[in-house]
Every structure is written in C-alpha cells, then in structure tokens.
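Asks: From the sequence below, what's the structure:
(2 chains)
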Amino acid sequence: MTGSQDANRSPIVRLLGSGWLRLHRVLRLAWLDLAAWRDAKGRLAVAIGVLALGTGMGLAIERVNAVAVAEFQAGMTMLSGEADLSVRGPRSGFTEEVLARLVLRSGVAAASPVVEGVRTERSSGLEIRFQGVDALRAMAVQPALVPAVGDSALRLTNLRTDVVFVGPRLLERLGRQVGDSIELLDVSGHQRALEIVGLLPGTPGLAGAVVMDIATAQSIEGLEGRLTRVDLRVQPGVDPAVLRSRIAADLPSGVEIAAPAAQASAEAQVSRAYRVNLSVLALVALFCGALLVFSAQALQVARRRSQFALLRALGLTRHELLSLQVLQSALVGAVGAVLGLVLAYALAALVLRLMGADLGAGFFRGVAPEVSFDLPASLTYLGAGIAASMAGALLPSLEASRTEPASGLRPGALEAAWKPLGHAWPGLVLIALAGASLAIPAREAVPLGGYCSIALMLLGVVALTPRVLVIFLAVLDRPFFGHQPSPVVRTALAQLRAAPAGPAVSLAAIVAAVSLAVSMMLMVNSFRVSFETWLAHILPAQAYVGEGGLRLSLADQRRIAASPALGRVEFMRIDEVRLTAGRPLVAILARDIDPADPGARLPLVARAPAELEASEGLLFVDSPVAKAWVSESVAELEQLSPGQLVDLPLGGHPVRFRVDGVWRDYGRQQGAIVIARSAYVAATGDPVASNAALWIAPGYSFAQLQAALAWLAPRASVRDTGEIRQYSLSIFDRTFAVTWSLVGVAVVIGLAALAGNLTALVLARRRELSVLRHLGFTLGEVSRMIALQALVIVVAALGAGMFAGTLIGVVLVEVVNRQAFHWSMELHMPWGALSLLALAMCLLATMTGYLGGRGVASGEVVRAASEDW
Amino acid sequence: MNPLEVSSLVKRFGDRVILDQVELTVGAAEIVAIVGESGSGKSTLLNLIAGLESADAGDIRIDGVELGSLDDDGRTFMRRRSVGFVFQAFHLLPYLDVAGNVGLPLDLLAWASAERAERVAAMLSAVGLGSRSRARLQELSGGEQQRVAVARALAHKPRLVLADEPTGNLDTRTAGDVLGLLLNEIRAAGAGGLMVTHSSQAARRCDRVVQIVDGRVLAVP
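Replies: Okay, here's the model as predicted:
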C-alpha cells in the first residue's frame, strides 16, 4: 500500500489498520518468543498443571453443587407440580384436619395432600426420597406425579398401597426394572416390599423421585392421620400472596405456607455455606496456580533480562514487550484452564459416584443428579484460569517491560530490579487490612469478611516472604557457637544473602501452598478433636437404641426400663419445628435431663446467670417457665441468648420456654433445642420416644443387654456407644474428604513448586557452580552447598507458610466456621501432621538441591566456565 | 619438579583425533603461551590439564602427581591445592566482595583467619586494590575485576596457573597492565603458567610460545 492510498483512508480505518498491524506483530513475536520457554519446560508444566488443577477442582465443585441444588430444587418444585402455594409442616407433620380446612377455604381451587419421607432401600443401600400422594387429588395439582393418568389399568394401580412409581434415573441406579420391587424399612422396623409399576417422567426433579400412595407413605413414616405437605392451586383471579397471608394466620404453630419455589430455595439455602466454603477453598488452588505462574514468569524474566534489554534495544516498545509477556501467560492459562475443564467434568462425575451430590456432607439426602455440561460455568472457569495466569504474570511482565536496554545488559541489575520486593510495608499493610476486613459482617451465612481476610493475609505473607528470607539469612550470618562455618556453609549463605530475589520470588507459590495446607489441617484437626470431645459428652451412655425414625410407645418404654440388664435408661423424643417462616426446620430434642445440671448431658458454651434462676420463682410464681437449651446455630440465627424467652410451636400451639443455656451441637447445622421430655409431653400429649440411652446394670454385659432387648428387632437394635462414635467419626471424615483432598492438592502444589523452582534456581547458576568446581569445590561440596541453600529456602518458606497458615486457620475456625455454620470449636494444632509436612518438605528440598547440584556441577556442565576456551 | 609435565597425551572424540601425542612441559616461573586456530584443541588441552576431562592415553603430571591416578575428588583437591585459574570473563562470584573472592581458595584450604587476612591483603596490595577489599564487584571496572581474578588465582600459592584469554575482555591499555601484573605475579610466586591467547602481542610477553596444529604441539620460534 502506498502512502497516498493510506492517506485516503478514513482515520478510523487507519487506526484499526495500525492496531491490527501492531497486534499482528505482537502475536507473531509472542509466538516466536515461546521458544524461550523450552528451557523452562518443567516449571511451565507445573504451572499449567496447577492451573488445570485449580480450574478443574473449582469447576468440579461448582458443577456438583449446581446440579445437586438444581435437582433438589427441581425435585421440590416439580413434585409440587402446578401448585401456587405449599403448606409445609415439621417432620412429624400436621393433622389431616388442616387439609379439610384448606379444601373449604375460598380461593383454593384444589388441594393435594402429600407425605414426604426418606428411607434406605435394603438391597442397594441407597437413600430414597419418596412422596406419598392421593392420586385423585394429585391429578388436579401435580399431574406429573400421576403418570398413569391416561391409562385406565394403571390408574387402578395408583390406588393400590404396595406399589411405587420410580424416576428412570433412579431405576437405573437401583439396577431394577418395572415389575421388580424395592424394599424400604418402615418406622416399625418392618421391610416393606413395594412393586415398581411404572416410570415417572425423566424430567429434572422427577428422574430420581419415587411416588407412592399417601397411605403407604403414612404407614412407612408412622404418620397415620398426618400430612407433611399440602399443595394448593389458587382459583383464577385470586392473588396467591393475599391468600397465603390469610391462610398463614390460621395455620397451626410450626406449619408454614409459601410458594414452592421459595420453599425450595430456603431448603437449598441450608447447604449454601458449605458449598460456598468448598468453592472458596477450591479457588485457593487457582490462586496457588497464579502464584506458580508468577514464580515461573519472574524467574524467566530474571533469566532473560538481557534478552529483553536486547529486544528493547532492537526497537520493541515497552508496551509491546508487556503485551508479549501477558499474551504468553494468557496462553499458558488457556492451556491449563482447558485441561482443567476436562478434569472438572471427569472429577465431578467421579465425585458424584463416590461421594454423592452433597460431597459427603449429608445435605440433599436421596438426591442423585448427573453431571451436565454448562457453557456459562465452563466459560467462567476458563476465564478464571486465564485471568489467574495473567494476574500471576503481570508483575514480572511489568518489571520486564520497564527494563532499560542499557541497564538490563549490565550484571547485577536483577537484584536492583527486585529490590522493592524486600520492602516490608506492602505485606504489613495487606496483613493489617486482613485484620480489618474481619469486621465485615457475614452475608446470608457467607463469611465475606473471613474470606476477604484470608485472601489478604495470603497476599500479605507472600509479599513479606522476601523480607522474611532476608531476616532469616541475617540471623544465620553469625558464628555458630563461636565457630566459623565451613567454606561450603559460608559460600552457600553468602550467595543467598547477596541474591535473595530469585529464591524469594520462587517462594511465593510454596508459601501459599503451605499456608493453605496448614490452615486446612488446623481447621479440620480442631474440628475433629472438638467433635470427638463433643461425641464423648453427647453420648454418655454405654449403648443406644433408636435409628431411622423409631417410635417407642409408652409400653415399649416401660418394657425397656423393666429389663434387669439395664441399670439406667433415658428416653428422648426427636421432633422438628419451624421457629421462623422461611427458615429451615429446627430439631426439638425432648429428653430426660436434670434442669439443675444440664451440663452433665450437654456441652454447654453459655449459661444463664444464676441470679436469673433465683429470681425466676418470683417472676413466674404461678407457672414457672420450663427451661430450654438452644444450640449455637439456633442462638445465632434466632438471636437468642441465655435468659431470654422463646415460644416453641409444640402440639400446634406456642409454648413458652426460657433459654437456660447455649450448647454446642455439631449434629444439626440448622439447629436444635433441648427441652425436658416432661415439658414436651405436657405440651403435645405425645409420650412416644425416638431413642433411648442405656446404661448396663452391674454384673451384666453388653451382649446380655442386647439379648434382653432382642424383642425390639427388627424395629431397632441395641448399638454399642463405641460403634456409634466410630460411625459418627467415619461420617465426619467422609464429610471432610473433599477438604482433605484440597489439603493434598495444596501439599502436591507446594512440593511441585518447591522441586521445580529449586531446579530452576540451580540451573540458572550453572556457570557459577562451574567456577566453584574450578576453584576446588568437590562435587559433594557443591551438592551439599545447594542442598543447604534449598534447606534454608524451604525453612523460610515453611516458617512464613506455617505462620500464615496458622493465622488463616484461626480465621477459619473463629470466623468462617462461626459465621457459616454457627458452631464453635477449640483450636488444636495438628503437630504430628505439621511435623510430617515440614519434614517431607525439608527432605524433598534437601534431596532436590543435592541431586540438582550434583547434576549441574558434574559432567559436561562443569566446563561451563571454560566454554570460551 | 616441574609444575606441569604432559607426555604422549592423546584425546579422541569418536574417530577424530583432537590431541595427538602431545608433549609439553612448563617449568617453575615459566609462562607458556598456547596459540592456535579455533577448534585446534586448545580448550581440550586446558580441560585435560585442569582435570575436567579424561585423556585416552598419555600422562599429565601437576607438581609431580599423575592426574590419571586420581578420581574426581582427587583431581578436585589437586585443583584446590595446586592450580589457579584466570578466565576471560573474570568469573568472580557476584555475591562475595573483593576480599571474599580472593580469600575463597584459602577458605577451601582451611587457612587460619589471621594468615588468610594477611595473605588476602598482600595479594590485593600486589594487584593494586589494597584499598578496595570490601568493595562489591558491581563497583569495579572490568580491569579491576580481572585484577581481583589474578589475586584469587595466586592467593593460595598454586604451582600452576591456567589462564584463558585473560585480557580478551579488556581494552588495550588495561589489557597490557593486567597481563603484566599476571605474568609478574606468576613469576614472583615461582609457579608455572599456561596461557591461551589469540593475541600475538600477549604471547610475545611469555617465556615460550607453542602452537597447536592438527592436534600436535609445535614450538613457535
């Protein structure tokens, strides 16, 4: 194109043209420049691998959570069919009189009663969430639940009590066909064989559902004459919101009415904190990936400083050099993120198969979704992977672009360039901000302040790491017990002291990975030890009876108590109530408890002042208020503290209690309230117990107790407390399996970063090591020198990482757990695991350094200094 | 005993003979210049003498000790004790100051602190850098850095100094000064010197010049 032709074009076209030319040139240079990474293949591979891991784990957890919640919510909304409103009661349901009143209420077009339940299928061991419906009423509200509506033969089967309709996906998981049976254990302990007579539609929410006749569901759950839900269709022209508020006023205490979608959302909300927590932890892996890119790019910039200076001297602009580097890191991020996407879907499928939709946490029981490809989520995580890589590369790339052609070609310029890293103030400011951000309140149980603090703390400690290394080296720069160290030690330390930038830069990812691993180890260990202590407190008896919604009648209770093998027995009734509309159900534990000494049975964390108890008699002379002990989550969510009064909806009407104390409950995240069983029976008139704590009489054995209570089978069996504790701990460990796998990932990242960066540092010093060999350092001395340097570097990294990890662990325990899950725990340092981690890293560092030094200082490389001979 | 005696030295790379029956002796206080075209085998000869490569045949004796009889550590100890090096690119350790670089060979030989300090001071004074012992390398010019390298090469009183184009990176005037200093110090120490150079001017200042042609060492008159 000639100059005149160019001049004839419009300014915009010229601008676009010149922009394209510039982009083309940078792209071409970036492509050519990629060859420079040939010497850093290992580091590049580690960085790509970690980015893939971070992206993959993040997306996998997001996908599992998303499909689980979607399936759960779809289940709730689909099962409610075309209902405009749903009336929901506690687990023990509400009487059928409520249905009768609802049917007669003006504005209600149709009402469909439902009994919901979750039971374990005998042969497959799968938890089955089922719905019992009245087929005739359901046709008007939930036609999808009545699949045989058009088939007269099947319509008749809808009325049978021993049949079920199963969703196609669940049928496949069960390995059954239409015509086969499923066996569910009912509350009385009897196996109920139910024939599969038809399929539900394969739509989301129904594909994994089970529908049966309402009478069957009532008898399985022991809810004869009671319902757990009524779905309502509103007459045309009636505002559902107005009708809802009118109905709500007439509902028994503890029963609520809302739109099905709103209820589904509220139920899914219970697991939100857990899901967010896991996603955040997974994203930290991505953060480590970014730091690895930072290290790789920083070392690359250091190594290629003179090349960049040359490129600048040859005419590459500052901006073009920056674009070149950032483009390359984007490419690295893209490769890592694409691999991560593949990993994510494979991992999500594997996790769903091995751990279930709730990632082992116990939410979404009976929900069995499948992984589905989601374009927006995939693109988001692809972008996150690329962004993490670009962010990691930004600082080193900026540094590279600032290289003055003349200074970059001078030796020693690198240390001067990285000198700002040695300043302590950016790290200290970030750590101060981390402390300040703890004041940010949680939002919908998501501890924003805690997460913000963790991110800032990590960045702060990473920023402080070069300073930590310098201080550590200064500490080492003194005679050991009056002796001058050997030339090997002195040379090793002198080299590190004079050029800490390279090691410091390479420490970033290691420090972050160690911090992450240590913090999670501290959190999980604190939780596990506290959980064990809690179990010992909460399970004081030697044996227990009661699982799967057992109902022990008064006669049962008398018969148990009369057993000569029994020294003492305490019964407990478990119920559920809704304290606040829109919030999940809270467990009511009505148990035999000494109101004067609740601490004997409950791990109390707060107690009402003694003066209050003394004055209670004066305040409530005629009718002393019964005591209640609320779990930490109830105290937090309902803003209850010792001394306050609370109305519990029992037996369909509010009953007033005084909060006598707050106790620690790791069993029920949505909350639990302990009251005396006598108070419960007085309020409800229901003496049925759900379980019994058993103390063996002197002279009797556990086996004799089991034999004495054998009559309870098959409804229930006597279980040894030790066995229950073991089982509970196994569930705990399963819940934290994902967290442990993240710890594992962090450790692998740390070790990979360590090995990769140390090797890179050793290779970068090839010529210098050769000079030492010329001067008379033996191969062993050079190897020991590098091993010592590696050890010093890793000890500094471990120190910084463990410090940061402990602080982050404290934030996780004291802030994140309290705000997200509303439970407290004591801090317990996992000394054994930490020592193992430290030992493993020190050993790996020493070994990598020794072997790396040996490899570099031997053979052909030893002549590096004399290559010009 | 001569600092260096090379006899019947043969080195092959595959079928190609690089050095063929090389005979070379460097006496005490004698400095021999090696000249030759690129690829003539100069580097291979220096590598063999430094104990960095193994010969296919022949003997190399440094201060009477046969290198072939030593293992890698033995050859390293030999270098540590008896050989000093001066490189074209100085190859000083950037993380040590001037005195640290000069004293490093003494540290390796475990000299007592007082003697070490005295020797370092003497060497730095000899190369004209007595007042710069605590200076960082970045503060020194190229000529000054090569003076430090000379002091380092001779600090531990080696029997043989191997120099690789020691003035190749210096300007003519500085090169002349540094070369004079190097030669004087080697002679004063009574050591032997073997210097690879492409400069005929530098070669002429040595006691003897040999040329490597087709793998053989020829005396240059």
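Asks: okay, residue A:270: pLDDT?
Replies: Note on residue A:270: pLDDT of 60.
Asks: Also the one 10 residues further on?
Replies: Among the per-residue scores, residue A:280 shows a pLDDT of 77.
Asks: do the one 5 residues further on as well
Replies: As predicted, residue A:285 sits at a pLDDT of 69.
Asks: In PDB, could you pull the C-alpha coordinates for stretch A:376-383?
Replies: Output of stretch A:376-383 as PDB, limited to C-alpha atoms (Å, rounded to 0.1, in the frame of the first residue of the first chain):
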ATOM      1  CA  PRO A 376     -21.600 -20.300  31.100                       C
ATOM      2  CA  ALA A 377     -19.900 -22.000  34.100                       C
ATOM      3  CA  SER A 378     -17.300 -23.600  31.900                       C
ATOM      4  CA  LEU A 379     -16.500 -20.300  30.200                       C
ATOM      5  CA  THR A 380     -16.400 -18.600  33.600                       C
ATOM      6  CA  TYR A 381     -13.800 -21.000  34.900                       C
ATOM      7  CA  LEU A 382     -11.900 -20.900  31.600                       C
ATOM      8  CA  GLY A 383     -11.700 -17.200  32.000                       C
END
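Asks: what comes up buried for that stretch?
Replies: Residues of stretch A:376-383 classed as buried: A:377, A:378, A:381, A:382 (neighbour count, 16 or more other CB atoms under 10 Å in any protein chain shown). C-beta here means a position set from N, CA and C on the backbone, and glycine is covered the same way.
Asks: got it, and stretch A:196-215?
Replies: Quick answer for stretch A:196-215 (16+ other CB under 10 Å): A:196-201, A:204-214.
Asks: Next: stretch B:13-24.
Replies: Using 16+ other CB under 10 Å as the test for burial, stretch B:13-24 gives B:17, B:18, B:19, B:20, B:22, B:24.
Asks: So which residues make contact with that stretch?
Replies: Here stretch B:13-24 makes contact (CB atoms under 8 Å, 6 or more residues apart in numbering or on different chains) with B:4-12, B:32, B:41, B:44-45, B:48, B:55, B:58, B:210, B:212, B:214-217.
Asks: Pull out the buried members of these.
Replies: Of the contacts of stretch B:13-24, these count as buried by 16+ other CB under 10 Å: B:4-6, B:9, B:11, B:32, B:41, B:44-45, B:48, B:55, B:58, B:210, B:212, B:215-217.
Asks: In strands, which of those residues fall?
Replies: The members of those that map onto strands under DSSP state E are B:4, B:5, B:6, B:9, B:11, B:32, B:58, B:210, B:212, B:216, B:217.
Asks: any idea which of these is the one closest to chain A?
Replies: residue B:212 (12.1 Å; CB to the nearest CB).
Asks: ok, that closest one touching residue B:39?
Replies: No - using CB atoms under 8 Å, residue B:212 is not in contact with residue B:39, being 9.9 Å away.
Asks: So for chain B, the centremost residue is which one?
Replies: With distances taken as CA atoms, centre = their mean, residue B:162 lies nearest the centre of chain B, 1.7 Å away.
Asks: So which bits of the stretch 401-550 of chain A are right by chain B?
Replies: A:411, A:412, A:484, A:487, A:490, A:491, A:494, A:495, A:496, A:497, A:498, A:499 (CB under 8 Å from any CB of the partner chain).
Asks: which of those residues tops the neighbour count?
Replies: Among these, the one with the most neighbours (other CB atoms under 10 Å in any protein chain shown) is residue A:491, at 26 neighbours.
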